[in-house]
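[1] Fold the following for me, if possible:
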Amino acid sequence: MNSLFSTAALKWLSLVGVIWLQTINGTNSDFPAYSSQLKYLLSISQVQLNNLAVASDARKLLGWLSGVAAHFSPHWLVLFIGAALGLIGYGFQYLFTLREVSLAYGQVLILNLPARNSICWINTVCYLGTMQNFPADSRIALSLSTSYQGLSAKMKSTSHRGKKCAATTPESQPRSFP
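    Numbering: from 1, shown residues only. The predicted structure follows:
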């Protein structure tokens, strides 16, 4: 009975981990949370902002790569690739919104692709793990895991708001990005 309880508890704990992993990594709905700040910092038009949004959505074209990688590679490697893509793409964008680095419009456009593609890699492993842990109730488990993805935008906007005061002080001038 103890092993049955621990197995069930680990399954539910893995679902909680999947929800947090998806929330922290970033989701499909986080671009609107910081797009107006990008528009202001880059001094771009609405058309150029729309191009950034298209680049954000273009990551879906490469989403199939994560499925192929998950089929032929260990899941930890697919997670690592997703984390690396997110760290690079979102990391530089975050530093840019804090005015820690200077980025041109083209650089932000290019950084949007790996940033937004990272969620495909993370979601692939999360969904596979959830379906394996809950074979009989995989639809319910998947819907629970995806229902919390909206937390990511709130977490990012709150984080940006908290750092905004530090970013606008006179001594925090933008540094060049090589």
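[2] rest of the way, CA atoms for contacts and neighbours
    Noted.
[3] How about residue 104: what's its closest non-neighbour residue?
    residue 42 (7.2 Å; C-alpha to C-alpha, 6 or more residues apart in numbering).
[4] For the chain, just list every one of the helices.
    2-25, 31-42, 46-58, 64-72, 75-97, 105-133, 138-147, 151-167 (DSSP state H).
[5] which of those is buried the deepest?
    Mean neighbour count (mean count of other C-alpha atoms under 10 Å) peaks for helix 105-133 among the helices of the chain, with a mean of 21.
[6] That helix packs against which elements?
    Where contact means 3 or more C-alpha pairs under 8 Å, 6 or more residues apart in numbering; DSSP states H and E, helix 105-133 is packed against helix 2-25, helix 46-58, helix 64-72, helix 75-97, helix 138-147.
[7] so where is this structure shaky, pLDDT-wise?
    Filtered on pLDDT under 70, the chain yields the residue ranges 1-5, 25-33, 148-178.
[8] Please look at residue 38 and residue 95 and confirm they touch.
    No: counting by C-alpha atoms under 8 Å, residue 95 is not a contact partner of residue 38; they are 11.5 Å apart.
[9] who touches both of those two?
    Here residue 38 and residue 95 share no contacting residue, scored by C-alpha atoms under 8 Å, 6 or more residues apart in numbering.
[10] Quick one: closest of the helices and strands packed on helix 105-133 to residue 122.
    Among the helices and strands packed on helix 105-133, helix 75-97 comes nearest to residue 122, with 5.4 Å by C-alpha to C-alpha.
[11] Would you mind listing the outside residues contacting the closest one?
    25, 37-38, 41, 66, 69-70, 101-103, 108, 111-122, 125, 160.
[12] Let me know the angle separating it from helix 2-25.
    30 degrees (axes from the mean of the first three to the mean of the last three C-alpha atoms, to 10 degrees).
[13] Helix 75-97 vs helix 105-133, what angle?
    150 degrees.
[14] Quick one: distance of helix 75-97 to the chain centre.
    Mean-position distance between helix 75-97 and its chain equals 8 Å (C-alpha atoms, centre = their mean, to the nearest Å).
[15] got the angle between that helix and helix 31-42?
    Going by the same axes, to 10 degrees, helix 75-97 makes 40 degrees with helix 31-42.
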